[in-house]
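Peer 1: need the 3D shape of this:
(chains A and B)
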Amino acid sequence: MVSILDIIGPVMVGPSSSHTAGACRLGLIARNLVGGTPQKALIELHGSFARTGEGHGTDKAIVGGLLGFRPDDDRLRTALEIADGEGLAYRFAKTKLGEENEVHPNSVRITVERGDRTSVMTGSSLGAGRILVNEIDGFPVEVHADHHTIVLVAEDTKGSIARITTLLADDGVNIATLRVSRQRRGGDAFMVIEVDQPPGDDVRDHIRALPWVRWAFRLDRVTV
Amino acid sequence: MYSSLASAIHDAESRALRLSQVALEAESLDHGRPVAEIRAALGRALAVMREAVGRGATGDLRSTSGLVGGDAAKLRSGPAGPLSGTPFRDVLMRALAVQEVNAAMGVIVAAPTAGGAGVLPAVLTGLADARGLDDEALIDALATAGLIGAVIAERASLSGAEGGCQAETGAAAGMAAGAAVEMLGGTPAQCGHAVALAQQGTLGLVCDPLGGLVELPCVFRNATGSAIALAAVEMALAGIEFAIPADEVIDTMGQIGREMDVRYRETAGGGLAATPTGRRLAKERLYQMKRG
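Peer 2: The predicted structure follows:
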């Protein structure tokens, strides 16, 4: 349903909702994957991001997102300089993530390192500030970041979904959507759980404490 | 939200309400938010719009590529023209100002998009300031503009990549014209005619930015889009009626957008972007950016 406030908005740093606001949101997601400002980031731009990204400030917007700036933050314009001051060593490269008709033209792969944690994601900016993250650490996912989202990979164990949903309910978190898939029976299953309330550290820790959970990420809702 | 302007106009007229009132009512019902909260959010958008007008008017901004910037200031303090001292020149100045801020990575309200963000603030704050209207009147106007934009999004498109510039600055002109007519005392039916009059004047407008950057001609399209909106406001308030209903004009815009060649939809493959000068400028500027 279209909202007046979607039409009269968002408030954002220009010049382009897809190349600037959406790019910033992708940077924010990558930041979330390592739980804070990364020390190192490799940003590989594909398609239109690679061709016109600099003119649209896509580079600054992604680095700004990695620094935790939101799409309406004035500091996006000077994000590259700020990154130098904050010890974020970023590097840009052009890449081809796939054939033109298979990969969205505004796509990027971001590899981030913080402490002993390294994570890699690919995502696309779909227009009007909307984004889609389609791969995290080699697992296909589908994250729009319009909700607070929990992404986890677990052994394919009976009752795992029941266990997770009970755990979230006990922590007072309401589930908006839940998607589970696996590559084969008995293989790893991954779950993308969109929730209405921001899950606290305790929720994440409870999930990570489950012996059959391989890894779990909490992705904050990123609005434009 | 309404999916046709005809139904919104009918609702408003049968209950002796204004379009902004039925828009706020529908928004509140759809999303379970009190009207006061929606008005407050529109008020925050208005404050950002005013700030952008103010920043851009100073003229010290350059876009990332250096292709645009500093032209709003020429309308503010440059040589006089036949329309100096009228709201017309002031509205053009404000449209350039907001788009120059956008191109320089400043903060704007994407209403309906970043590329068409200059039209609404220019037309609405320009006319409100000329008439001495307060922010409450402007917040109502933004609600009406939001309603019109929602109908366009539903029936056609608000994306240059999908429908060309007619879906960005063209849509913005329709939104601004309808909203301004209500703000200046017009009836809901007159608002509908203003939307139709503005949008008929932008049908077929292509999206052809140099190098794919939201700079040239985008900055100037916002000024000319505002001029078309002003023409529509003047005609609608004079009682001129456009024979094709606004919804059908909007549907036409959507249809033309779907049939528009991809070169004319934000890809820099056609139009001004493909002219010899357009290609040369884009190449030079992108090269300079890479070097420095």
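Peer 1: which of the three states applies to residue A:132?
Peer 2: Judged by DSSP: H, G, I helix; E, B strand; the rest coil, the three-state class of residue A:132 is strand.
Peer 1: count the neighbours of it for me.
Peer 2: 18 (other Cβ atoms under 10 Å in any protein chain shown). No exception for glycine: its C-beta is placed from N, CA and C like everyone else's.
Peer 1: model confidence at the residue nearest the centre of chain A, what's the number?
Peer 2: Centroid-nearest residue in chain A, with Cα atoms, centre = their mean: residue A:29, separated by 2.8 Å. Model confidence at residue A:29, given as pLDDT, is 94.
Peer 1: check contacts around it.
Peer 2: With contacts defined as Cβ atoms under 8 Å, 6 or more residues apart in numbering or on different chains, the neighbours of residue A:29 are A:65, A:121, A:123, A:131, A:133, A:143, A:145, A:219, A:222.
Peer 1: on the pLDDT front, check residue 65 for me.
Peer 2: No chain was given, so I picked chain A. pLDDT recorded at residue A:65 is 97.
Peer 1: not quite, I wanted chain B
Peer 2: Value for residue B:65, per-residue pLDDT: 84.
Peer 1: three-state assignment of it?
Peer 2: With three-state DSSP as the basis, residue B:65 sits in coil.
Peer 1: okay, and the helix or strand of chain B with the least pLDDT?
Peer 2: None of the helices or strands of chain B scores lower by mean pLDDT, DSSP states H and E than helix B:276-291, at a mean of 82.
Peer 1: pick out the least confidently modelled helix or strand of chain A, by mean pLDDT.
Peer 2: Min over SSEs of chain A, mean pLDDT, DSSP H and E: helix A:48-52 (a mean of 83).
Peer 1: that helix packs against which elements?
Peer 2: strand A:106-114 (3 or more Cβ pairs under 8 Å, 6 or more residues apart in numbering or on different chains; DSSP states H and E).
Peer 1: go again with 10 Å.
Peer 2: Applying 3 or more Cβ pairs under 10 Å, 6 or more residues apart in numbering or on different chains; DSSP states H and E, we find helix A:48-52 packed against helix A:22-33, strand A:40-47, helix A:58-66, strand A:89-95, strand A:106-114, strand A:117-127, helix B:276-291.
Peer 1: for residue A:166, find the nearest of those.
Peer 2: When the helices and strands packed on helix A:48-52 are compared by Cβ to Cβ, helix A:22-33 sits nearest residue A:166, at 24.9 Å.
Peer 1: now do whichever helix in chain B runs longest: which elements does it pack against?
Peer 2: Taking DSSP state H as the criterion, chain B has its longest helix at helix B:35-57. With contacts defined as 3+ Cβ pairs under 10 Å, 6+ apart, helix B:35-57 has these neighbours: helix A:4-7, strand A:11-13, helix B:19-31, helix B:71-77, helix B:87-103, strand B:107-109, helix B:119-131, helix B:135-155.
Peer 1: low-scoring stretches of chain A, by residue?
Peer 2: A:183, A:224 (pLDDT under 70).
Peer 1: on that earlier part again, which of the helices and strands packed on helix B:35-57 is buried the deepest?
Peer 2: Neighbour counts (mean count of other Cβ atoms under 10 Å in any protein chain shown) averaged over each of those peak at helix B:87-103, with a mean of 28.
Peer 1: that one to helix B:119-131, inter-axis angle?
Peer 2: Going by axes from the mean of the first three to the mean of the last three Cα atoms, to 10 degrees, helix B:87-103 is angled at 140 degrees with respect to helix B:119-131.
Peer 1: helix B:87-103 - what's its average pLDDT?
Peer 2: For helix B:87-103, the mean per-residue pLDDT is 97.
Peer 1: could you do stretch B:18-28 as well?
Peer 2: pLDDT averaged over stretch B:18-28 gives 98.
Peer 1: can you tell if it touches chain A?
Peer 2: Yes - residues of stretch B:18-28 are located near chain A by Cβ under 10 Å from any Cβ of the partner chain, namely B:20, B:23-24, B:26-28.
Peer 1: which among these gets closest to chain A?
Peer 2: Within the residues of stretch B:18-28 next to chain A, the smallest distance to chain A is 4.8 Å, found for residue B:27 (Cβ to the nearest Cβ).
Peer 1: isn't the closest one up against residue B:8?
Peer 2: No - using Cβ atoms under 10 Å, residue B:27 makes no contact with residue B:8, being 11.7 Å away.
Peer 1: what's around residue B:235, how many residues?
Peer 2: Residue B:235 sits with 19 neighbouring residues when counted by other Cβ under 10 Å.
Peer 1: for the closest residue to residue B:169 other than its chain neighbours, give its distance to residue B:158.
Peer 2: Once flanking residues are discounted, residue B:169 sits nearest to residue B:225: 3.6 Å by Cβ to Cβ, 6 or more residues apart in numbering or on different chains. Residue B:225 sits 13 Å away from residue B:158, taking Cβ to Cβ, to the nearest Å as the criterion.
Peer 1: which of the two has more neighbours?
Peer 2: Set residue B:225 next to residue B:158 and count neighbours by other Cβ under 10 Å: residue B:225 wins out with 32 against 27.
Peer 1: residue contacts, that one?
Peer 2: Residue B:225 sits next to B:95, B:116, B:118-120, B:122-123, B:165-166, B:168-174, B:176-177, B:198, B:201-202, B:205 when contact means Cβ atoms under 10 Å, 6 or more residues apart in numbering or on different chains.
Peer 1: and if you look at residue A:49?
Peer 2: Shown in contact with residue A:49 (Cβ under 10 Å, 6+ apart): A:18-19, A:22-23, A:26, A:43, A:56, A:58-59, A:62, A:94-95, A:97, A:104-108, A:124-125.
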